[in-house]
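Peer 1: quick one: sequence plus predicted model below, questions after.
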Number of protein chains: 2
Amino acid sequence: MNPDRIQAELRPIGVIRSSVKTRRDAPMQGSEGAPDAWLEVNSFATEALDGLAAGDEIIVITWLHQAQRDVLKVHPRSDPPRRLTGVFATRSPDRPNPLGLHRVTIREMAGNRLRIGPIEAIDGTPVVDIKVVLADTKDS
Amino acid sequence: MNPDRIQAELRPIGVIRSSVKTRRDAPMQGSEGAPDAWLEVNSFATEALDGLAAGDEIIVITWLHQAQRDVLKVHPRSDPPRRLTGVFATRSPDRPNPLGLHRVTIREMAGNRLRIGPIEAIDGTPVVDIKVVLADTKDS
């Protein structure tokens, strides 16, 4: 297989509904004072939630739809005195494939809606995957 | 924005070169006896590696190209006695958007090639993102 020719079109499985409305207002990391938010799961994927419960830790993978995909170097934490660094050595949302990783706790489940947090993603951010955190591994 | 209508076509930034050749031979998690492997970064993205070094911990995000995208429930760890569970409550590769998360250590860097491990991804798996692990956050 030619690895440049994969068919890898993401299909959103849900969306973030948050009080954080703009990228400028978003904390840089969930641990930096981010609020809780609602994750609304699309109907086709609701069945895939079976087995999750309030209190569980999950990794939410988002598609950072406002990010720039042609950026390869940034000043870490948007701090100009810090030298330009490759985006793979940072957590910048700007990168070739702008996937966001958010480790959060499920606060509440209500049908296809999960209250989760803390999470810095802005309102309307598409969600592309959810993975439970395994207690016995660190790759989460 | 209609969250069902995002433009989210992933572009591979590299590929895994591993001694693990088939999904059947792959450990279920990197921590379960997986080997080291090479991550070959495509030339367009090599600049984005600047700032990474041997010894760094990174999250590699892969596109699990052999996974099934229409599976919503599985038996955890492919163990039939375990009850059918939603894929979001598992780490099954089969899921609507088959993204793999691999927390690994960089063993060695040689130009656009990184020796990383341990990693359970099979040979030829496309890589779509690399993120450094931040010491002061757990969302990795």
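Peer 2: Done, it's in.

Peer 1: list the buried residues in the lengthiest strand in chain A.
Peer 2: In chain A, ranked by residue count with DSSP state E as the criterion, the top strand is strand A:99-110. Going by neighbour count (16 or more other CB atoms under 10 Å in any protein chain shown), the buried part of strand A:99-110 is A:99-106, A:109. C-beta coordinates here come from the backbone N, C-alpha and C atoms, glycine included.

Peer 1: show me which of those neighbour chain B.
Peer 2: By CB under 8 Å from any CB of the partner chain, the members of these lying near chain B are A:99, A:101-104.

Peer 1: between these, which sits nearest chain B?
Peer 2: The nearest member of these to chain B, counting by CB to the nearest CB, is residue A:103 at 3.8 Å.

Peer 1: strands of chain A, start to end?
Peer 2: Remark: strands assigned in chain A by DSSP E are A:14-17, A:37-41, A:57-63, A:73-74, A:85-86, A:99-110, A:113-117, A:126-132.

Peer 1: output the first one as CSV, nothing but the C-alphas.
Peer 2: Read that as strand A:14-17. Output of strand A:14-17 as CSV, limited to C-alpha atoms (Å, rounded to 0.1, in the frame of the first residue of the first chain):
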residue,chain,number,x,y,z
GLY,A,14,-20.6,13.7,18.0
VAL,A,15,-20.0,17.3,18.8
ILE,A,16,-18.9,19.4,21.8
ARG,A,17,-21.4,21.9,23.3
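
Peer 1: name the surrounding residues that touch it.
Peer 2: Strand A:14-17 is contacted by residues A:37-42, A:45, A:62, A:112, A:119, A:121-127, B:3 when judged by CB atoms under 8 Å, 6 or more residues apart in numbering or on different chains.

Peer 1: mind running it again at 7 Å?
Peer 2: Residues outside strand A:14-17 that contact it (CB atoms under 7 Å, 6 or more residues apart in numbering or on different chains): A:37-42, A:45, A:62, A:121, A:123-127, B:3.

Peer 1: which among these count as buried?
Peer 2: A:37-42, A:45, A:62, A:121, A:123, A:125-127, B:3.

Peer 1: a markdown table please, covering the ones next to chain B among the buried residues of strand A:99-110 and showing distance to residue B:8.
Peer 2: Below are those laid out as a markdown table (distance: CB to CB, whole Å):
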| residue | distance to residue B:8 |
| --- | --- |
| A:99 | 9 |
| A:101 | 16 |
| A:102 | 17 |
| A:103 | 21 |
| A:104 | 21 |
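
Peer 1: between the residues you listed, which is nearest residue B:18?
Peer 2: Of all these, residue B:18 sits closest to residue A:99, with 21.7 Å by CB to CB.

Peer 1: list the contacts of residue A:30.
Peer 2: A:102, A:104, A:118-120, B:139.

Peer 1: could you redo the last one with a cut-off of 10 Å?
Peer 2: A:60, A:100-104, A:116-121, B:137-139 (CB atoms under 10 Å, 6 or more residues apart in numbering or on different chains).

Peer 1: same deal with residue A:83?
Peer 2: By CB under 10 Å, 6+ apart, the neighbours of residue A:83 are A:73, A:75-76, B:50-51.

Peer 1: roughly how far apart are it and residue B:58?
Peer 2: Distance of residue A:83 to residue B:58, computed by CB to CB, to the nearest Å: 19 Å.

Peer 1: likewise for residue A:28?
Peer 2: As judged by CB to CB, residue A:28 and residue B:58 stand 18 Å apart.

Peer 1: tell me which of the two has more neighbours.
Peer 2: Higher neighbour count among residue A:28 and residue B:58: residue B:58, with 22 against 17, using other CB atoms under 10 Å in any protein chain shown.

Peer 1: was I right to think that one contacts residue B:104?
Peer 2: Yes. Counting by CB atoms under 10 Å, residue B:104 is a contact partner of residue B:58 at 6.2 Å.

Peer 1: hey, what's in contact with both of the two?
Peer 2: Contacts common to residue B:58 and residue B:104, judged by CB under 10 Å, 6+ apart, are B:39, B:114, B:116, B:130, B:133.

Peer 1: what subset of those is also close to chain A?
Peer 2: By CB under 10 Å from any CB of the partner chain, the members of the shared contacts of residue B:58 and residue B:104 lying near chain A are B:114, B:130, B:133.

Peer 1: where does the prediction get shaky in chain A?
Peer 2: A:1-5, A:136-140 (pLDDT under 70).
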